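Participant: Build the 3D model from these lines:
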Amino acid sequence: MERKPIQVYLSDMERTLLDRLASEQGVPRAEILRRGIRAFAVQHAGGRSPMLSLAHDLTGTDWPPDPHHPGLPEPLQYRIPGAE
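Facilitator: The predicted model follows:
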């Protein structure tokens with residue numbers, strides 16, 4: 001994956017927080033920003049994985065499908081113990 005530079009303006013407080021997080025995690029500041037973007041994408045999608053949202057956009061169907069869907073092969077169906 002090719003990465004391209006981007007310029008971001010941060011307040012002193014945001015820069016301090018970014019530096020602290022990067023130091024605590026032992027990763028570059030850029031990695032903290034990338035993780036934050038991915039976390040924001042999941043939050044914006046209502047907790048749904050961005051990849052699941054992309055699969056929905058590409059196929060027009062929810063993924064994973066309803067596990068009780070009768071059209072699924074038996075190994076993909078599952079039952080909740082105690083629920084009939």
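Participant: host element of E14?
Facilitator: In this structure, E14 is located in helix 12-25 according to DSSP states H and E.
Participant: Return the set of buried residues in the next helix or strand after that helix.
Facilitator: Sequence-wise, the next helix or strand beyond helix 12-25 is helix 29-44, with elements assigned using DSSP H and E. By 16 or more other Cβ atoms under 10 Å, the buried positions in helix 29-44 come out as 32-33. (C-beta placed from N, C-alpha, C; glycine too.)
Participant: Where does pLDDT dip in the protein?
Facilitator: Within the chain, the stretches falling below the threshold (pLDDT under 70) are 45-50, 61-84.
Participant: Now with 90, please.
Facilitator: Applying pLDDT under 90 to the predicted model, the residue ranges of the chain that meet it are 1-3, 37-84.
Participant: How many neighbouring residues does the closest residue to R29 other than its chain neighbours have?
Facilitator: Closest residue in space to R29, ignoring its immediate chain neighbours: A22 at 4.6 Å, by Cβ to Cβ, 6 or more residues apart in numbering. Per other Cβ atoms under 10 Å, the neighbour tally for A22 reads 16.
Participant: again with L18
Facilitator: Each residue near L18 was counted by other Cβ under 10 Å, and the total is 17.
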